[in-house]
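J.: need a structure here:
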Amino acid sequence: MPTHTYSCRQIVGGVAEGPALVADTRISFWGGFDPASGEIVEVGNPFEGVNIAGKVLVFRSTKGSSGTSLMLRLAKMAGHAPLAFINTELDELSTLACVALGLPLVTDLDVDPFAAMQTGDVVRVDADRGVVEVTSDRPAPTRQEAVSNAPARTTIDLTPEQQAMLDGACGDSRAEHLRLLVEWGEAVGAERLIEVDNVLPGGLFVPNRTLGELPFELIEGYINYTKGCLIDDVGGVTATAHASFMDLERLEQFQPDLRQVPAQRELLDLGRKAGVSMTWTCAPYLVGNVPLSGQVCAWTESHAVVFVNSFLAARTTRNGNESAAAAMATGFVPEFGVLRREGRGADFVIEVDVELTSDADWGCLGYFAGKVGGLRIPAFTGLPSPRIESARQLCAALATSGGAPMLHIVGITPEAPTLDAVLQGREPDETLTFGADELAAVYDSLTTATDDTVDLVYFGCPHATLQEVVELAKELRGKKVREGVTLLVSMSYAIEAQARRLGYAEEIEEAGGRVMTDSCPSNALWRESTRMATPAVKTGSYAPNLLQCEVILAPMPECVRIAETGQWTRQATFA
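T.: The predicted structure follows:
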């Protein structure tokens, strides 16, 4: 069988050979991939049900959560990692995962990879030589000039302080962390490392159920890796921890892997000693970590990245666990993407031609923008100033269906005084309209329920604001959650403390609801539902994959009505 040789561009070096998996799609490795089995579980993805272990993965880019590198690290520990990536669009999370785990990554082939390769072809990726070899009896397609969004590789010029750290003057751990940042930065075109002010590391928790029934020695291996991310002192960097995979306050309710509980408590103590606020929330800006305009951050949690870039004018690229932990340890990040002024402009425009009357409506707009935009930054016109709850849903949904690190609302967000200003002198790639039909289509696409009974109603993705708790408690007054239905709201420990002091948490519980702190059903893999109603687009997108349940997406008052009756109809919900 003949072998066809194509040129490519190295992003992360290395050589790998194996059978290919090929689809022109984006992959969310958190929420769409099971590291314990190696299978893609995202419903509707071309790779759904396919095992990627030992494969050369040919796809467009990642999307969604910052957990790409975490999930692939867990998969590697379980023996289910892919061999190499061939991407047609370069994104920082795909690059970080390959740097951290030693996977070759290439882009910019001189041929359309989706024409040159098919699933099952034997593909050899030699990133070091810039060559991809495909064994196939099909004729080679026409060569083409690569059209790339990827910046050229660079060599970072370190300061004397940074070079000394890399050489081990501050210890081996900091040297390894800095080496990762240098390799990641050079792969994505950074020319220097800059000081970081604020860090939201992910992964500072035990894996709980994420690794399924794997031998506990493997699970302990990840726990030991996590402990190693908490160095003795994080210095002057503000650091708070991303949401956890278990609720330590309610072990009996949410049934975590009890073997891991002592390690979770140990992490609390290690974080305290290191100067990390182990708040375990995806919304640190609600519990005191509020970066201001121009501050350089290294945040995980996809919605929070979009939120602080867009509404607070702070600056953070999309980080994974490894890069955020390295920034926390060293005090530096590579400067690229939205850390530069020229990387913060809008790429395309969405004209909003429908009134958004609920937080869920704002989430539908974000989901539409992420799905059509991919990695591109949108500018919205025709919108009023949102309340924070609506803004969070917009950001969370954009970061679920796509991979943009920020958004602009013309005349509202800090860096978008006018459309011309936010386009930075460029013509938009395209201008789209979001109207009543597009809004209805998002609700319809995310509502997957096939029966009229509901057994879970969920609020708190992202972790609930105090105002959301207040509104939920008020909506529940005089009502009772129907027997057989669980009403659950997730929030940070700090928000719960306020809600209890003010009596709102008790009101929710008296109506039959339950509270979860530090985590959420998706993180904890709390699979106790067949059919869920939620106003959260992010949860609505991930629940069929992670929680293996059907979804009804609806505004909060309708979700409360469903909790009270245990029933829903498409006609009543979308009337």
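J.: tell me where the stretch 451-575 of the chain has strands.
T.: If DSSP state E, counting those that start in this stretch is used as the criterion, the strands of the stretch 451-575 of the chain fall at 456-459, 486-491, 513-517, 531-534, 550-553.
J.: and of those, who's closest to H4?
T.: H4 lies closest to strand 550-553 among these, at 43.4 Å (CB to CB). The way it works is simple: take the backbone N, C-alpha and C, and place the C-beta from them, glycine included.
J.: that closest one pairs with which strands, and in what direction?
T.: strand 531-534 (parallel) (DSSP bridges).
J.: CA atoms of the strand it pairs with as CSV?
T.: Taking C-alpha atoms only, strand 531-534 is exported to CSV below (Å, rounded to 0.1, in the frame of the first residue of the first chain):
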residue,chain,number,x,y,z
ARG,A,531,-34.4,13.6,33.2
MET,A,532,-33.3,17.0,34.3
ALA,A,533,-34.7,20.5,34.0
THR,A,534,-32.3,23.5,34.3
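J.: and A575, what's its pLDDT?
T.: On pLDDT, A575 comes in at 64.
J.: quick check: longest strand of the chain.
T.: strand 15-22 (DSSP state E).
J.: so which elements touch that strand?
T.: Here strand 15-22 touches strand 56-59, strand 122-126, going by 3 or more CB pairs under 8 Å, 6 or more residues apart in numbering; DSSP states H and E.
J.: who's in contact with that strand?
T.: 47, 50, 52, 54-59, 82-84, 103-104, 113-114, 117-128, 134 (CB atoms under 8 Å, 6 or more residues apart in numbering).
J.: what's the domain layout of the chain?
T.: Under the assignment automatic domain parsing, the domains of the chain span 3-135, 161-338, 345-444, 447-573.
J.: and the third one, how far from the chain's centre?
T.: Read that as domain 345-444. Centroid separation for domain 345-444 versus its chain: 18 Å, with CA atoms, centre = their mean, to the nearest Å.
J.: measure that domain end to end?
T.: Domain 345-444 stretches 31 Å from its first residue to its last (CA to CA, to the nearest Å).
J.: tell me the average confidence for that domain?
T.: Mean pLDDT, domain 345-444: 98.
J.: and if you look at the second one?
T.: Over the span of domain 161-338, the pLDDT mean works out to 94.
J.: rewinding a little: partner strands of the longest strand of the chain, with direction?
T.: For strand 15-22, pairing defined by DSSP bridges yields strand 56-59 (parallel), strand 122-126 (antiparallel).
J.: ok, then the element right after the shortest one?
T.: Reading on from strand 56-59 to the C-terminus, the next helix or strand found by DSSP states H and E is strand 61-62.
J.: re earlier: write the ChimeraX selection for whichever of the contacts of strand 15-22 are buried.
T.: A single ChimeraX command selects the buried members of those (16 or more other CB atoms under 10 Å):
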select :47,50,52,55,56,57,58,59,82,83,84,103,104,113,114,117,121,122,123,124,125,126,127,134
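J.: output the strands of the stretch 451-575 of the chain in TSV; the columns should cover mean neighbour count, distance to E438 and mean pLDDT.
T.: Formatted as TSV, the strands of the stretch 451-575 of the chain follow (neighbours: other CB atoms under 10 Å; distance: least, CB to CB, whole Å; pLDDT from 0 to 100):
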stretch	mean neighbour count	distance to E438	mean pLDDT
strand 456-459	27	25	98
strand 486-491	26	29	98
strand 513-517	22	33	97
strand 531-534	26	20	98
strand 550-553	25	14	98
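J.: out of those strands, which is closest to I377?
T.: strand 550-553 (25.0 Å).
J.: how near is the spatially most central residue of the chain to R500?
T.: In the chain, the centroid-proximal residue (CA atoms, centre = their mean) is S65; its distance is 1.2 Å. Distance, S65 to R500, by CB to CB, to the nearest Å: 30 Å.
J.: do A283 as well
T.: A283 is 18 Å from R500, by CB to CB.
J.: repeat that for E509.
T.: E509 is 10 Å from R500, by CB to CB.
J.: same question for L488.
T.: Counting by CB to CB, the gap from L488 to R500 is 16 Å.
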